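Enquirer: using only what follows, build the 3D model:
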Amino acid sequence: MSSSPTFFHCVSLWSLLVFLLAFSILAGLVAGAVPTSVARAREEANQANDNTCPNPPPPVLECGVFMAPSTLGNNSNLGIFTGIPLQQGQVVNYPEIAIPLLFRNFDEHPPNSLGDGTLWDRYIWGGHVANIDPIDDFNRDLERAVFVPGVGCTVNSMLDLYNIDSTSGSIYDTAKVPRYHPAAGSFSPYHSSKTTATRDVPVGSELLANYGDGWIPAIPDVAVTFDKHFDKADEFLQDYQQWVEQLVANYVDEVTPELLERLWKVATTLHPSRDFSVLPRELDWHQYLTTSTKSFPTSREYWRSKTVRSMEWLQEHGKCQDHLKPGLSTIPLAGRGAFASRDLPKGAIVGYAPLIHIGEAANELLQYTYDTPYHDGNYTKPELVINYSFSHPKSTLLLTPYGAGVNFINHASPPLKPNVRIQWPTEELLAHKPEWLIHDVAYLRDTIGKIGLSFDYVALRDIAKGEEILMDYGADWQRAWEEHVATYEVPADAKTYVHSSEYHLRELKTPQEVEVDPYPSNLHTLCKVSYTKNKQDGKLYFMNVLRSDGRFVPCEVLERHHESTTYTVRLTIPSTNQTLVVHQVTRPGGIELFDKAFSQDMHLPQSFRHSISIPDDMFPESWKNK
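Expert: Below you'll find the predicted structure:
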């Protein structure tokens, strides 16, 4: 029996009523007051958008995926909902881009990211989730984080209720942009990261992932996902039901559904523990009092029923996430782009994106110092995510959008014209607080626990289905790009470089074959040190089961055995420089052809980096701190 209900047995009904009355009056007074600063911020936001909002109100459009307040967070956290029925195995929305983040690991903070920049904690994965190339040649378990915007960045987790496999894999593809072109390395080559349904999912359901028992959200009021919390919550429900039965029996004429509802709200706020986070937010007290069989739903039953929203609710409270679909850009050598998935009329919000903010430390935090022999020494350059982020030349603030599809939108270089532009939402949203537009950057720097800014991407004219979506990155970006093109130095290996994903080789080469037709300089063969010594012939033979980690050593093929598709190889142990000959090495498993660490286009010292400009007519004066 839980000890929690002891409180209720020690408090009289009438003292609780007095407390509830005072609480209700106070709550009403607080709820009725709108701070002057908030009202002023809303007015300024609307004024800032006067020149950017073509035709209010935006039309209601068909939509298959919504970003809306989550059912798990008591309207304190965003989630993703399906606007169409999903079948098991079906891909949710369109595959997304995966952007490597070199400045940090998934679960390890660099010292300078513990304040300004901590918000990134909630929006990253381990690099292996999206098949990002490792950062070490010989320990391929060493990785950095990856940012996958859209569905995979927003879905919540509840272990007992998951219905999707979120953010799985990616494809490496530079969209036919050659290494000698100035655009090489200016966009992420990792794309088509998928989220798939693990079972049939009804229309209106919130999409829930399984992040595992190690994932505990640090977001206020979010229902914690551990099974042990469900069990504890159900213990409390049983005890609370016994107390209510006693209360009803003693005060049969005074107890009403309204009273029981108020008591329940008090009860669920008295203990702000993880166990209580999964308690039902509300119960049907009228049904409880009028039926002979009195029982509460379990916490699991409650949350299963609460994870479905009506389409009307989603249209009113949600933002569509499937108006944009990725594809090869129509702009030559621009990589991938965003395309309209349906006809989008002028004034429509074609994309919506909450913004991850870094107030003052972006220039310091999003820099990475390379120490790699492949590029002959050390150099420092901004992170690739800078190219997907927004800033202003007179401010240190950096904003990175994580809405679905928006990071594929390309720049409309003259003579092309943009067909969308960004604007602040015209109403307060869960992830957009108008008062933030009048606070200074120091406020944003110190607000590290929540999202409070968002962009609407608004159609400047009618856009036809299949048309590429373009926006104006700003004059500063255009000047930086033109300077980059004029001064770009072609990499020395531009003619010979071939990424491993494009180097199709059925069999690895022997030394004699390598001498005649060498591998590209960015590729090398690596082997696992996993072998056993045969007692009869004294030779070493490969045994894959002996090592399952990602540690490899340099090796070369001595012989290729066609009949068994295995190799005899010579290993070199770097720590001792010892060489060993190992037989019957399999591929894959024992030997493979890998890219050398940091050899990819995005790591080129001369690859382009520049943020997108926030237009002057919507950038608050209070944010200008340069």
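Enquirer: C-alpha from now on. contacts and neighbour counts both.
Expert: Fine.
Enquirer: please, where are all the helices along the protein?
Expert: Along the chain, the segments classed as helices by DSSP state H run 6-9, 13-32, 36-48, 151-154, 227-250, 257-270, 285-290, 299-306, 311-317, 362-365, 441-446, 475-487, 511-516.
Enquirer: compare these and say which comes out lowest on pLDDT.
Expert: Taking the mean pLDDT of each of the helices of the chain, the lowest value is held by helix 6-9, a mean of 38.
Enquirer: taking the chain centroid, which residue in the protein is the extreme one?
Expert: What lies farthest from the middle of the chain is residue 536; by C-alpha atoms, centre = their mean that is 54.8 Å.
Enquirer: for that residue, what are its contacts?
Expert: Residues in contact with residue 536 (C-alpha atoms under 8 Å, 6 or more residues apart in numbering): none are found.
Enquirer: gap between residue 603 and residue 498?
Expert: For residue 603, the distance to residue 498 (C-alpha to C-alpha, to the nearest Å) stands at 15 Å.
Enquirer: just want to know which of these two has more residues nearby.
Expert: The residue with the greater number of neighbours, taking residue 603 and residue 498 and applying other C-alpha atoms under 10 Å, is residue 498; the counts read 21 against 18.
Enquirer: nearest residue to the more buried one in space, please, no chain neighbours.
Expert: Residue nearest to residue 498 in three dimensions, not counting chain neighbours: residue 520, with 6.3 Å by C-alpha to C-alpha, 6 or more residues apart in numbering.
Enquirer: can you get me a residue count around that neighbour?
Expert: By the measure other C-alpha under 10 Å, the count of residues near residue 520 is 16.
Enquirer: quick check: it vs residue 350, distance?
Expert: The separation that residue 520 has from residue 350, given C-alpha to C-alpha, amounts to 43 Å.
Enquirer: what of residue 205?
Expert: From residue 205 across to residue 350, the span is 22 Å (C-alpha to C-alpha).
Enquirer: looking at the two, which one has more neighbours?
Expert: Just comparing residue 205 and residue 350: by other C-alpha under 10 Å the higher neighbour count belongs to residue 350, 30 against 24.
Enquirer: could you double-check that the more buried one sits in contact with residue 323?
Expert: Yes: using C-alpha atoms under 8 Å, residue 350 is in contact with residue 323, at 5.7 Å.
Enquirer: residue 484 contacts residue 608, doesn't it?
Expert: Yes: counting by C-alpha under 8 Å, residue 484 sits close enough to residue 608 to count as a contact (6.8 Å).
Enquirer: overlap in contacts of these two?
Expert: Common neighbours of residue 484 and residue 608 (criterion: C-alpha under 8 Å, 6+ apart): residue 182.
Enquirer: between those two, which one's more packed in?
Expert: Each of residue 484 and residue 608 had its neighbours counted (other C-alpha under 10 Å), and the higher figure belongs to residue 608 (22 against 17).
Enquirer: now for the more buried one: which residues touch it?
Expert: Contacts of residue 608 by C-alpha under 8 Å, 6+ apart are 182-186, 481, 484.
Enquirer: which one of the residues you listed sits closest to residue 460?
Expert: Using C-alpha to C-alpha, residue 481 comes nearest to residue 460 of the contacts of residue 608, at 24.5 Å.
Enquirer: against residue 610, how distant is that closest one?
Expert: The spacing between residue 481 and residue 610, counted by C-alpha to C-alpha, is 8 Å.
Enquirer: kindly report the same for residue 442.
Expert: According to C-alpha to C-alpha, residue 442 stands 23 Å off from residue 610.
Enquirer: which residue is nearest the middle of the protein?
Expert: The residue lying closest to the centre of the chain (C-alpha atoms, centre = their mean) is residue 153, at 2.2 Å.
Enquirer: so that residue sits against residue 401, correct?
Expert: No: counting by C-alpha under 8 Å, residue 153 stays clear of residue 401, with 10.6 Å between them.
Enquirer: which residues touch residue 491?
Expert: 179-180, 604.
Enquirer: what of residue 324?
Expert: Residue 324 makes contact with 338-341, 350-351, 404-406 under the criterion C-alpha under 8 Å, 6+ apart.
Enquirer: give me the buried entries from those.
Expert: By the neighbour-count criterion of 16 or more other C-alpha atoms under 10 Å, the contacts of residue 324 include these buried positions: 338-341, 350-351, 404-406.
Enquirer: got CSV for these, with pLDDT and distance to residue 544 too?
Expert: Shown next, in CSV, are the buried ones among the contacts of residue 324 (pLDDT from 0 to 100; distance: C-alpha to C-alpha, whole Å):
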residue, pLDDT, distance to residue 544
338, 97, 44
339, 98, 46
340, 98, 48
341, 97, 47
350, 97, 51
351, 97, 48
404, 95, 41
405, 96, 41
406, 97, 43
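Enquirer: out of everything not next to it in sequence, what's closest to residue 79?
Expert: residue 70 (4.4 Å).
Enquirer: do residue 197 as well
Expert: Excluding its sequence neighbours, the residue lying closest to residue 197 (C-alpha to C-alpha, 6+ apart) is residue 164, at 4.3 Å.
Enquirer: per-residue pLDDT of that neighbour, please?
Expert: Reported pLDDT at residue 164 in the predicted model: 94.
Enquirer: please apply the same query to the one 4 residues further on.
Expert: At residue 168, the model reports a pLDDT of 87.
Enquirer: quick revisit: so who does the residue nearest to residue 498 touch?
Expert: 496-498.
Enquirer: now, which of the contacts of residue 324 sits nearest residue 425?
Expert: Distance to residue 425, by C-alpha to C-alpha, is smallest for residue 351 among those, at 11.4 Å.
Enquirer: so who does the nearest residue to that closest one once chain neighbours are set aside touch?
Expert: Nearest residue to residue 351 in three dimensions, chain neighbours excluded: residue 457, at 4.9 Å (C-alpha to C-alpha, 6+ apart). By C-alpha under 8 Å, 6+ apart, the residues touching residue 457 are 349-352, 420-423.
Enquirer: just to revisit the earlier point, distance of the residue nearest to residue 498 relative to residue 588?
Expert: As judged by C-alpha to C-alpha, residue 520 and residue 588 stand 20 Å apart.
Enquirer: just residue 577 next, same as before
Expert: The spacing between residue 577 and residue 588, counted by C-alpha to C-alpha, is 25 Å.
Enquirer: ok, residue 159 next?
Expert: Using C-alpha to C-alpha, we find residue 159 at a distance of 34 Å from residue 588.
Enquirer: between the two, tell me which one has more neighbours.
Expert: Higher neighbour count among residue 159 and residue 588: residue 159, with 18 against 10, using other C-alpha under 10 Å.
Enquirer: correct me, but that one touches residue 227?
Expert: Yes: in this structure, residue 159 is within contact of residue 227 by C-alpha under 8 Å, at 7.2 Å.
Enquirer: what is the neighbour count of the nearest residue to residue 362 once chain neighbours are set aside?
Expert: Setting aside the residues directly before and after it, residue 362 is nearest to residue 398 in space (C-alpha to C-alpha, 6+ apart), at 6.4 Å. Using other C-alpha under 10 Å, residue 398 has 22 neighbouring residues.
Enquirer: if anything else comes up later, I'll come back, but that's it for now.
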